[in-house]
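Novice: Structural data only, the sequence is not supplied:
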C-alpha cells in the first residue's frame, strides 16, 4: 500500500464542495466552483460555455446541471490527497446518487489507484456527507430536436461527422484546438465552444509530490455536453466511442483507461440522469464497431486525413502535432496501415513508424506481449494483431516492426473483425440504419 496515500488521508480527512457561482458575460455562461481541502488548499475551477441570449439564470434545471458538473470536477482535485470524506454543501444527492458516484470515482480512478499502488475497495475509498438543499424540479414543457456532437479532433469524431453529414448537427468543442476546429470546419457544422480552466493550485500540488494520475475525462464531458444539450434543446448527444473501449487495460482486472468511454459508463450515465425526465439521449454512434472497422471507414474520408489529431503529447503544443514516439501515435498508425500504408500514412505522420526500432517496446505492449496495454485510448490486442497481420500479407519488403512480428509471432488468420457488430449499444433504428448502410459500402462479406 502507498504510504503517502495513508498519510495524506489521515492529515486531510475532508474535502468540501462548498458552492458554485455563475453569471453571464456577453455570450458566455461562466461557472465557478468552490472546493476546499481544510488546512491545505482552496480550488476554484472555472467552466465557460457559449450560450444563447434567451437563457434563464433562474432555471432550476440549469442550476441542477451546474451542480452535477461540480460533482465530477471534484475527481480531479480530490485525487491529490484522496481525502476520505466528501462533504457536499452546494446541493443535494440521494443515496442512489451517492452509490452511483462512488462507483464512478472508484472505476474512473482505477488507473490512478493502480499506478500509485493504492489497494482499497469501492466502499472505503470515499464517503459522502450531504449538507446541501434539494432543488425543486417542476415538470416543464421541454422540446428537443437535432444532434449535439462532441468533437475531440480524432478519427472517431471525424467518422461520426461524416456518417451524420445529412443530419441536423451542432458540434460541441471543449477547450478548442486546431484539430477539432479544422474537423468541424471541414464538416461545415456549426459549433459551440466550452472552456474548462483547471485551478493552477492543483498543478502546484502536483509539482510538490502530492498524489496525481489519470481521471475519467469523458465523465466530465458527458455532464458538460448534457448541460449544453439542455441549454440548446438538443435531442441527441452523439459520441464516437467504439466497442473496443470496453476492454480492460490491465488484463484480468477491471482497470480500464477508457472506463468513462465504455458501454458500462454510457448505460450508467443514462440511468443516473433520467431523474431529470428530459428528452435528451446520450449514446455512441460507433459503439457497434471495433477500431479496425472505424479505421476502414475513416480511410475513405480523405478530407479529414491531414486535419485529425489524436496524440496527447502533441496536443500540448500550440500547433497540435503527431509526436511519433508514443503509444497513441503508433496505435493510430497501425490501425490505419492496412488501408493507407505507405505513402498516404507517411504523409499524415511525417515518417514511417514501422521503421522506428525504438518503438519496439510500445509495439510489444500493443500486441499483448508486454505487461499490459498502454494507458492510452488504444484498441484491443486482437485488433492490433489483425491490422499488422493483414498488412504483412500485402507487402513483400517489410519494415522493421512488421519483420519483427513475422519472425516472432503467428499471423492472425481470422478476419471476423471486419464483419463484427456489437449488439450492446444504445442506437435507435434511425441511427442503426445510417451506420449499417455505410458499413455495407466498404466491408466485404464472409463467404
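Specialist: Thanks, I have it. Computed from a prediction, not measured in an experiment: that's the story for all the values here.
Novice: Tell me the secondary structure at residue 86.
Specialist: Under DSSP: H, G, I helix; E, B strand; the rest coil, residue 86 falls in the strand class.
Novice: For burial, what's the neighbour tally of it?
Specialist: The number of residues packed around residue 86, counting by other Cβ atoms under 10 Å, is 22. Just so you know, the C-beta spots here come from the backbone N, C-alpha and C atoms, and that holds for glycine as well.
Novice: That one is in contact with residue 17, isn't it?
Specialist: Yes - taking Cβ atoms under 8 Å as the definition, residue 86 is a contact partner of residue 17 at 7.1 Å.
Novice: joint contacts of these two?
Specialist: By the contact definition Cβ atoms under 8 Å, 6 or more residues apart in numbering, residue 86 and residue 17 are jointly contacted by residue 74.
Novice: In the chain, which helix is the longest?
Specialist: The helix that spans the most residues within the chain, counting by DSSP state H, is helix 60-78.
Novice: Tell me which other helices or strands that helix touches.
Specialist: strand 14-25, strand 28-37, strand 85-88, helix 95-108, helix 217-232 (3 or more Cβ pairs under 8 Å, 6 or more residues apart in numbering; DSSP states H and E).
Novice: repeat that with 6 Å
Specialist: Secondary-structure packing of helix 60-78 (3 or more Cβ pairs under 6 Å, 6 or more residues apart in numbering; DSSP states H and E): strand 14-25, strand 28-37, helix 217-232.
Novice: Need the winner for burial among those.
Specialist: helix 217-232 (a mean of 22; mean count of other Cβ atoms under 10 Å).
Novice: Let's see the pLDDT reported for residue 1.
Specialist: In this model, residue 1 is scored at 69, pLDDT.
Novice: pLDDT (mean, whole number) over the host helix or strand of residue 383?
Specialist: Residue 383 is part of helix 381-392 when elements are defined by DSSP states H and E. For helix 381-392, the per-residue pLDDT values average out at 95.
Novice: switch to numbering from 32
Specialist: With the count now opening at 32, the last piece we talked about shows up as helix 412-423.
Novice: and that helix, what does it pack onto?
Specialist: Secondary-structure packing of helix 412-423 (3+ Cβ pairs under 6 Å, 6+ apart): helix 358-371, helix 391-398, helix 431-439.
Novice: Check which residues of the longest helix of the chain are buried.
Specialist: By 16 or more other Cβ atoms under 10 Å, the buried positions in helix 91-109 come out as 92-109.
Novice: What of stretch 118-126?
Specialist: Residues of stretch 118-126 classed as buried under the neighbour-count rule (16+ other Cβ under 10 Å) are 118, 119, 121, 122, 124.
Novice: If we only consider those residues, which is nearest to residue 75?
Specialist: The closest of the buried residues of stretch 118-126 to residue 75 turns out to be residue 121 (Cβ to Cβ; 12.9 Å).
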